[in-house]
Structures are given as C-alpha cells and as structure tokens.
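In: The sequence isn't on hand, but the structure is:
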C-alpha cells in the first residue's frame, strides 16, 4: 500500500507508524532533503536535522526510549498553503527505562510535497526533558 499524499492524511499515517514503532517506514515518508527543526530545544538537544539520513539517525532508537501509546486530542489545521498543515496534539505513553508516564503536548508545522514530508517544525515543551531519565532519543546529554 502506498502512503497517502495529502498533508493531513500523510500526517495521520505517520502517527500510526510511530504507534506501531515502525521507524523505517516513518523515515520513508520523508523527502531526501527533508528538514526537521526543534525551535524550543534546550541546550544539548538538536535544533535542526538536515536530510533523511540525519532524521533516520535521530529517530532510530526512539522506541527504545519512549513507548508511545496514543495521540489524543489530534487537530489538523489547513493553511493558506495547501502543502502545509499545523497540527496540535498530545503524545502519551511511558518512558521505557523508568516506566514513568509520558504526556507531551505538541504543535507542529508540516509541509508535504510530492507525497513526502519536506519540512517539520516541532514545537514541543522543553521543560519535559528536565525530568529525570527523560533522554528520549538516547542523545546522552
């Protein structure tokens, strides 16, 4: 089955892949020159990932650190650019290492061209990484 091409449908599909912990399939949704940005990332965390390979490296061990279980409160807003959406959502689950509850609120600005994610600005809460054992991506801060 091929991935959906509308930004909203592709984004919903990407969330299902994350819940299924299928990181290779999630990465396959990205354009080769895709850009992932984290404008609110605290010191020691990446603020910009350029290219599919950098995004794959960043996400490779994500399921080893966070067991995502649901994305409640998903709202996808169309913009005046049909290729760009604004997403509001929560990601809930648990931190694998400690078993602690994970509950993060996100706002993302996502652009899709030719059926692939080309830009993803992830406005997540940097205060959450101040929690003990909150090394979500194995960055070893």
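Out: Nice, I can see it. Nothing here was measured: the structure is a model prediction, and the numbers come from that model. Residues are numbered from 1 along each chain as shown.

In: Looks to me like residue 25 is in a helix.
Out: Yes. Per DSSP: H, G, I helix; E, B strand; the rest coil, residue 25 lies within a helix segment.

In: Now do the contacts for it.
Out: Taking C-beta atoms under 8 Å, 6 or more residues apart in numbering, we find residue 25 in contact with residue 17. No exception for glycine: its C-beta is placed from N, CA and C like everyone else's.

In: quick check: mean pLDDT across stretch 87-100?
Out: For stretch 87-100, mean pLDDT is 93.

In: buried stuff in it?
Out: For stretch 87-100, a neighbour-count test (16 or more other C-beta atoms under 10 Å) marks 87, 89, 91, 92, 93, 95 as buried.

In: Now do it: distance to the chain's middle.
Out: Computed by C-alpha atoms, centre = their mean, to the nearest Å, the chain-centroid distance of stretch 87-100 equals 12 Å.

In: ok, now stretch 73-89?
Out: That offset, for stretch 73-89, works out to 14 Å (C-alpha atoms, centre = their mean).
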